[in-house]
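Asks: no sequence on this one, just coordinates:
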């Protein structure tokens, strides 16, 4: 894809610039010829897809389907993806329910091959729903090629706006955060948690995330991030800490090298 986002700064300054220019940058991205060809093909063909086998057999359709859920790297794992899609979401033993990354479950639920006699591919508006998600994800990927932390910030803004407003328990929302690697990274860095945090028992991770979030934001819930001000505060903490850690790492490495040279 030929489009390259303009990201002149890193950290929170880069985020402020990106947010300010987002409408224009997204418009330029969506004008990409490659993206337009993918979208035209998806719109023309998706209505003919009746089964998981049909979808995974069409490389171009599968590329868009996986890209809409951030699962681009699985494009060659067709047997695995077919199993996720065929199993559906209603049975607790379904593969999507067993995987830590809940984007697979979201993929299966969205297409509905294993949950209904008539898949979602036959529903009016389905193509628009998937293509909107595909555009968002691919734009984030393009931003990530310039600055991975800004990609995580965009992902958090999009994902948390939906997750925070869901009618589910706070524990369920937190487990969703823990099962979404980009979201997990945002929270771990924003809260100053070490890289070893993910190795702890899940219940201990849950308890720690709640306690740290309450200390940082005055509330232990994920639901609070439906408020744009709280969400922006989370992203700001994530970007500032990430930039500080990168600066510290670079400075420490230079200091070690200088010490070795002087020695």
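Replies: That came in fine, so what should we check first? Source: prediction; values computed, not measured.
Asks: tell me the domain ranges of the protein?
Replies: Annotated domains of the chain cover 11-137, 168-262 [automatic domain parsing].
Asks: Span of the first one from start to end?
Replies: End-to-end distance for domain 11-137, by C-alpha to C-alpha, to the nearest Å: 20 Å.
Asks: Kindly report the same for stretch 180-198.
Replies: The first-to-last residue distance of stretch 180-198 comes to 12 Å (C-alpha to C-alpha).
Asks: How far off centre is stretch 30-46?
Replies: 22 Å (C-alpha atoms, centre = their mean, to the nearest Å).
Asks: Check which residues of it are buried.
Replies: Buried residues in stretch 30-46, defined by neighbour count with 16 or more other C-beta atoms under 10 Å: 32, 35, 38-39, 42, 45-46. C-betas here are computed from N, CA, C, even on glycine.
Asks: just stretch 12-22 next, same as before
Replies: So stretch 12-22, judged by 16+ other C-beta under 10 Å, has buried residues 12, 14-15, 17-18.
Asks: How about stretch 198-212?
Replies: 205-206, 209-210, 212.
Asks: Report the rounded mean pLDDT for it.
Replies: Taken as a whole, stretch 198-212 carries a mean pLDDT of 94.
Asks: Enumerate every residue touching the closest residue to residue 100 other than its chain neighbours.
Replies: Excluding the flanking residues, the one nearest residue 100 by C-beta to C-beta, 6 or more residues apart in numbering is residue 179, at 4.9 Å. Residues near residue 179 by C-beta atoms under 8 Å, 6 or more residues apart in numbering: 100-102.
Asks: returning to that earlier point: any chance of the domains of the chain in a markdown table, plus distance to residue 157?
Replies: Output for the domains of the chain, formatted as a markdown table (distance: least, C-beta to C-beta, whole Å):
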| stretch | distance to residue 157 |
| --- | --- |
| domain 11-137 | 9 |
| domain 168-262 | 6 |
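Asks: and the gap between residue 204 and residue 225?
Replies: Residue 204 sits 22 Å away from residue 225, going by C-beta to C-beta, to the nearest Å.
Asks: quick revisit: output the buried residues of stretch 30-46 as JSON lines; include the columns secondary structure and pLDDT.
Replies: Shown next, in JSON lines, are the buried residues of stretch 30-46 (DSSP: H, G, I helix; E, B strand; the rest coil; pLDDT from 0 to 100):
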{"residue": "32", "secondary structure": "coil", "pLDDT": "88"}
{"residue": "35", "secondary structure": "helix", "pLDDT": "90"}
{"residue": "38", "secondary structure": "helix", "pLDDT": "93"}
{"residue": "39", "secondary structure": "helix", "pLDDT": "94"}
{"residue": "42", "secondary structure": "helix", "pLDDT": "97"}
{"residue": "45", "secondary structure": "helix", "pLDDT": "97"}
{"residue": "46", "secondary structure": "helix", "pLDDT": "98"}
